[in-house]
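> Here you go, sequence then predicted model.
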There are 2 protein chains.
Amino acid sequence: MEQRAAGRRTPLNRARVLHAAVALADEAGIDAVSMRRLAEELGVVPMALYKHVANKDELLDGMVDVVLGEIEPVEPDGRELHWTDAVRQRVLSARRAVLRHRWARQAIESRTHRTPVVLGHMDAVAGMFRAGGCSVDLTHHVMHALGNRIWGFSPELFDEPPSDPAGPGPTAEEQEAMVREFGRRFPHVLEIATVATEGDLSAVGQGCDEQFEFEFALDLLLDGADRLRRQGWRSRDRAGAPPTI
Amino acid sequence: MEQRAAGRRTPLNRARVLHAAVALADEAGIDAVSMRRLAEELGVVPMALYKHVANKDELLDGMVDVVLGEIEPVEPDGRELHWTDAVRQRVLSARRAVLRHRWARQAIESRTHRTPVVLGHMDAVAGMFRAGGCSVDLTHHVMHALGNRIWGFSPELFDEPPSDPAGPGPTAEEQEAMVREFGRRFPHVLEIATVATEGDLSAVGQGCDEQFEFEFALDLLLDGADRLRRQGWRSRDRAGAPPTI
DNA sequence: GGCCGTTGGTGTACGCCGTACACCGCAGAT
DNA sequence: ATCTGCGGTGTACGGCGTACACCAACGGCC
């Protein structure tokens, strides 16, 4: 009888608000998430939301919590994992969660609040370093080095340069002239773009293989960390990694 | 005679607008930089700015360009530098520029546009990798791994948790209870905080030694890159760094 | 059954924001 | 003397977050 005959809607609560916000961001982008638009989506007046979240900042925090809540714990799996593989698994799971929600990267980057969910993820990762034999000291600094990668994304230098949707674009020879001029000013960027697109410069802008870049950096850092661990690195030693070999 | 007797102000131009915006952000924070506020600062009506910047996004781009313009080139210095030291110098110069303007980190992170100034910095860094003997392939992936560090800042997991300015705060025993509860839920985060503050947990929140963390990560990545270079790493090898040693 | 405090949704209003669009004064070229 | 266009103006629109006063329904209590 809690549904009350005709059209008494089920009351709002914090979870419903947050999940509606996530759904809205998923389908209309993070910019579409305004208190007014979200309220409309829930069939309610904007001020009603403030009974469930303190303000917009807290709404964003809650949305990030929802995403981070999708991270799957690393299950022990019978045989032992090397600690770097355990971290790798958890970070890649975080990555899948973030990729599921395209707005999440930007939202996480803009947050400045440590919610319990956020602390929980950091604690879980730190625990894996410790279980692998890293000192507290090393764990601390390596987590800093991982930076945003702990949340499953790289700080992208840039997202896609949106191909301008106006007209048929420049002619082939205009395009070639532009490439030449570009190469005169930025030769090293051009050669990278050439190699990355395997010579098809018209494919510039569809971006790099982000998953590869992410795993490359992750492994570079984890391998470096493991090497420091084996050397018994302590931060008083100063200087990132000593000149081994 | 361009000053025109009494109080005909010197006309606006793009550079004046950008530098006024930078100055405003420096002293009042990036949030204070609105078209209206900036116009007021320049003694002009808001719409006047639009004769010099296309819109607010372009204004932000221009402000970032101003900051990046403060990066000092690495001078050859007589004796040869190892390539990692050259990169290190340039990146640390970029860091000094970014630190000079506290809003710059956030502004850079939010940008999605590659201005010529931005491309110029990337090109300069890529050129140092190449001069050091890195392949185009390796240069590409390592620059991705460096991520935001190329601009001179780490993706901070979090900035300071602002000590709440209300009242005298909790009593000592309340505080101890909070720490105990925190440690129950986030034991690994707590031990890191304990070590980082050298036991003085009341100092939590004044943050880590960011400069140390930055250089630690930078050196870890550059050393890893140099090791890969010496090994003749190619991206078809897959997997960040092979299990050397 | 009658009261009453609490919880959750409402309505109005304020002060910001970015920016579209029409306008206009003035300098320099014709 | 007239034209042209650049740079500054004024007005207006639609959006935003949220403070504050209000009110309907409900649960617990006598």
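Done, it's in. For clarity, every value in this text was computed on a predicted model and none was experimentally measured.
> Contacts for the helix ranked longest in chain A, please.
Counting residues, the longest helix in chain A under DSSP state H turns out to be helix A:210-230. Helix A:210-230 is contacted from outside by A:83-84, A:87-88, A:91-92, A:95, A:129, A:132-135, A:138, A:142, A:145-146, A:149, A:153-154, A:156, A:241, A:244, B:141, B:144-145, B:147, B:217, B:220-221, B:223-225, B:228, B:235, B:239-241, B:243, B:245, using C-beta atoms under 8 Å, 6 or more residues apart in numbering or on different chains. (Glycine included, C-beta is placed from N, CA and C.)
> Of those, select the buried ones using a PyMOL command.
Per 16 or more other C-beta atoms under 10 Å in any protein chain shown, the buried members of the contacts of helix A:210-230 correspond to this PyMOL selection:
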select buried, (chain A and resi 83+84+87+88+91+92+95+129+132+134+135+138+142+145+146+149+153+154+156+241) or (chain B and resi 141+144+145+147+217+220+221+223+224+225+228+240+241)
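> Contact residues of chain A facing DNA strand C?
A:Pro11, A:Leu12, A:Asn13, A:Val44, A:Val45, A:Pro46, A:Met47, A:Ala48, A:Lys51, A:His52 (C-beta under 7 Å from any atom of the strand).
> any idea how far the last one is from B:Val87?
It stands for A:His52. Using C-beta to C-beta, to the nearest Å, A:His52 is found at 49 Å from B:Val87.
> How about the contacts made by the most centrally placed residue in chain A?
With distances taken as C-alpha atoms, centre = their mean, A:Phe153 lies nearest the centre of chain A, 3.5 Å away. Applying C-beta under 8 Å, 6+ apart, we find A:Phe153 in contact with A:Arg95, A:Val98, A:Leu99, A:Arg105, A:Ile108, A:Phe214.
> change it to 6 Å
A:Val98, A:Arg105 (C-beta atoms under 6 Å, 6 or more residues apart in numbering or on different chains).
> Give me the subset of the residues of chain A next to DNA strand C that also touch DNA strand D.
Within the residues of chain A next to DNA strand C, those near DNA strand D by C-beta under 7 Å from any atom of the strand are A:Pro46, A:Met47.
> Out of the residues of chain A next to DNA strand C, which end up buried?
Buried members of the residues of chain A next to DNA strand C, counted by 16+ other C-beta under 10 Å: A:Leu12, A:Val44, A:His52.
> So which bits of chain A are right by DNA strand D?
Residues of chain A lying near DNA strand D by C-beta under 7 Å from any atom of the strand: A:Arg4, A:Ser34, A:Met35, A:Arg36, A:Arg37, A:Pro46, A:Met47, A:Tyr50, A:Asn55, A:Lys56, A:Asp57.
> so what's the last one closest to, chain neighbours aside?
With C-beta to C-beta, 6 or more residues apart in numbering or on different chains as the criterion, A:Asp57 has its nearest non-adjacent residue at 7.5 Å, and that residue is A:His113.
> Show me what the lowest-mean-pLDDT helix or strand in chain A packs onto, helices and strands only.
Ranked by mean pLDDT, DSSP states H and E, the helix or strand of chain A with the weakest confidence is helix A:172-185, at a mean of 90. Helix A:172-185 is packed against no helix or strand, with contacts defined by 3 or more C-beta pairs under 6 Å, 6 or more residues apart in numbering or on different chains; DSSP states H and E.
> 8 Å instead?
Judged by 3 or more C-beta pairs under 8 Å, 6 or more residues apart in numbering or on different chains; DSSP states H and E, helix A:172-185 is in contact with helix A:187-196, helix B:116-131.
> Output those in JSON lines; the columns should cover mean pLDDT.
Formatted as JSON lines, those follow (pLDDT from 0 to 100):
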{"stretch": "helix A:187-196", "mean pLDDT": "93"}
{"stretch": "helix B:116-131", "mean pLDDT": "97"}
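> for those helices, which one sits closest to B:Ala203?
Across those, B:Ala203 has its closest neighbour in helix B:116-131 (35.6 Å, C-beta to C-beta).
> Convert the closest one to PDB, retaining C-alpha atoms only.
C-alpha atoms of helix B:116-131 as PDB (Å, rounded to 0.1, in the frame of the first residue of the first chain):
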ATOM      1  CA  PRO B 116      50.700  26.700 -31.300                       C
ATOM      2  CA  VAL B 117      52.300  27.500 -28.000                       C
ATOM      3  CA  VAL B 118      51.200  24.200 -26.600                       C
ATOM      4  CA  LEU B 119      52.400  22.300 -29.700                       C
ATOM      5  CA  GLY B 120      55.700  24.200 -29.500                       C
ATOM      6  CA  HIS B 121      56.300  22.900 -26.000                       C
ATOM      7  CA  MET B 122      55.400  19.400 -26.900                       C
ATOM      8  CA  ASP B 123      57.700  19.600 -29.900                       C
ATOM      9  CA  ALA B 124      60.600  20.900 -27.900                       C
ATOM     10  CA  VAL B 125      60.300  18.000 -25.400                       C
ATOM     11  CA  ALA B 126      59.900  15.500 -28.100                       C
ATOM     12  CA  GLY B 127      63.000  16.900 -29.800                       C
ATOM     13  CA  MET B 128      65.000  16.300 -26.700                       C
ATOM     14  CA  PHE B 129      64.000  12.600 -26.600                       C
ATOM     15  CA  ARG B 130      65.000  12.300 -30.200                       C
ATOM     16  CA  ALA B 131      68.300  14.100 -29.700                       C
END
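> Give me the domain ranges for chain A.
A:14-53, A:83-156+A:209-237, A:172-203 (automatic domain parsing).
> rank these by mean pLDDT and give me the bottom one.
When the domains of chain A are compared on mean pLDDT, domain A:172-203 scores lowest, with a mean of 88.
> shouldn't A:Trp103 be in contact with A:Gly29?
Yes - when contacts are counted by C-beta atoms under 8 Å, A:Trp103 is listed as touching A:Gly29 (6.3 Å).
> More neighbours: these two, which one.
Neighbour totals were compared for A:Trp103 and A:Gly29, and A:Trp103 leads with 21 against 12 (other C-beta atoms under 10 Å in any protein chain shown).
> Distance of the closest residue to the more buried one other than its chain neighbours relative to B:Pro116?
Spatial nearest neighbour of A:Trp103, excluding adjacent residues (C-beta to C-beta, 6+ apart): A:Ile30 at 3.7 Å. Going from A:Ile30 to B:Pro116 by C-beta to C-beta gives 29 Å.
> Could you check which of those two has the larger neighbour count?
Counted by other C-beta under 10 Å, A:Ile30 and B:Pro116 do not tie: A:Ile30 has more neighbours, with 19 against 12.
> ok, now which ones touch the more buried one?
A:Trp103, A:Gln106, A:Ala107.
> Ok, A:Gly152 next?
A:Gly152 makes contact with A:Val91, A:Leu92, A:Ser93, A:Ala94, A:Arg95, A:Arg96, A:Ala97, A:Val98, A:Leu99 under the criterion C-beta under 8 Å, 6+ apart.
> Many thanks, have a good one.
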